[in-house]
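1. Provided below for reference: sequence and predicted model.
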Amino acid sequence: MSNALTVNAPEGLPFVTFEREFDAPVAAVFRAHQDPELAKQWLAPEGYEMVIDRYDFATAGGYRYLHKNDGEEYAFNGVYHVVRENDLTTQTFEFEGFPDVVTIEINRFIDLGNGRTRIEGQSTFPSLEARDGMVESGMEVGMVESYDKLDALLPSA
């Protein structure tokens, strides 16, 4: 992979920012987030199957999906507050294993020209302890694996 994920968890602040560039146009990167059949191919760590209960990728829509591996299931849900095609998503995110710890996530899809895209994101947590718990759970490893799978998928998306 030629494009590394950059994650920043500022000391003492309850949020995480990240950036990742892709050698694909904004429309393809956005479509891979929007289309549930494409999302199932990349939006899970290595070795996990993604099963979608609902996936309404639109303003005022929502989602619920599970990551499954060796008899274990991890469920996630949220609400899409704003979806602007090829531009921005604002959503909530909740890992059902830690109920009541809901993050607000903003993703910007930036056209870098020459068929390249950068995603810039921020996840804001309800507390510093919740943020630290997510970081310590291996969040960055899961993100790297998922974005690497997205990178491999994009030429065919």
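-> That came in fine, so what should we check first?
2. only C-alpha atoms for contact and neighbour calcs from this point on.
-> Fine.
3. can you give me phi and psi for the residue lying farthest from the centre of the chain?
-> Outermost residue of the chain with respect to the C-alpha centroid, by CA atoms, centre = their mean, is Asn114; its distance is 23.9 Å. For Asn114, the backbone dihedrals are phi 50, psi 30 (criterion: degrees, to the nearest 10).
4. next one: Met143
-> Per-residue torsions, Met143: phi -70, psi -40 (degrees, to the nearest 10).
5. Which residue is the nearest non-sequential neighbour of it?
-> The shortest distance from Met143 to any residue other than its chain neighbours is 7.3 Å, reached at Pro45 (CA to CA, 6 or more residues apart in numbering).
6. need the contact list for the one you found.
-> Taking CA atoms under 8 Å, 6 or more residues apart in numbering, we find Pro45 in contact with Gly142, Met143, Glu145, Ser146.
7. Am I right that it sits in a helix?
-> No. Using DSSP: H, G, I helix; E, B strand; the rest coil, the assignment for Pro45 is coil, not a helix.
8. Turn the contacts of Pro45 into CSV, including pLDDT.
-> CSV is the format used below for the contacts of Pro45 (pLDDT from 0 to 100):
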residue, pLDDT
Gly142, 87
Met143, 92
Glu145, 91
Ser146, 92
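9. Quick one: the residues you listed as JSON lines, columns for distance to Ala9, secondary structure and neighbour count too.
-> JSON lines is the format used below for the contacts of Pro45 (distance: CA to CA, whole Å; DSSP: H, G, I helix; E, B strand; the rest coil; neighbours: other CA atoms under 10 Å):
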{"residue": "Gly142", "distance to Ala9": "16", "secondary structure": "helix", "neighbour count": "15"}
{"residue": "Met143", "distance to Ala9": "14", "secondary structure": "helix", "neighbour count": "17"}
{"residue": "Glu145", "distance to Ala9": "19", "secondary structure": "helix", "neighbour count": "18"}
{"residue": "Ser146", "distance to Ala9": "19", "secondary structure": "helix", "neighbour count": "19"}
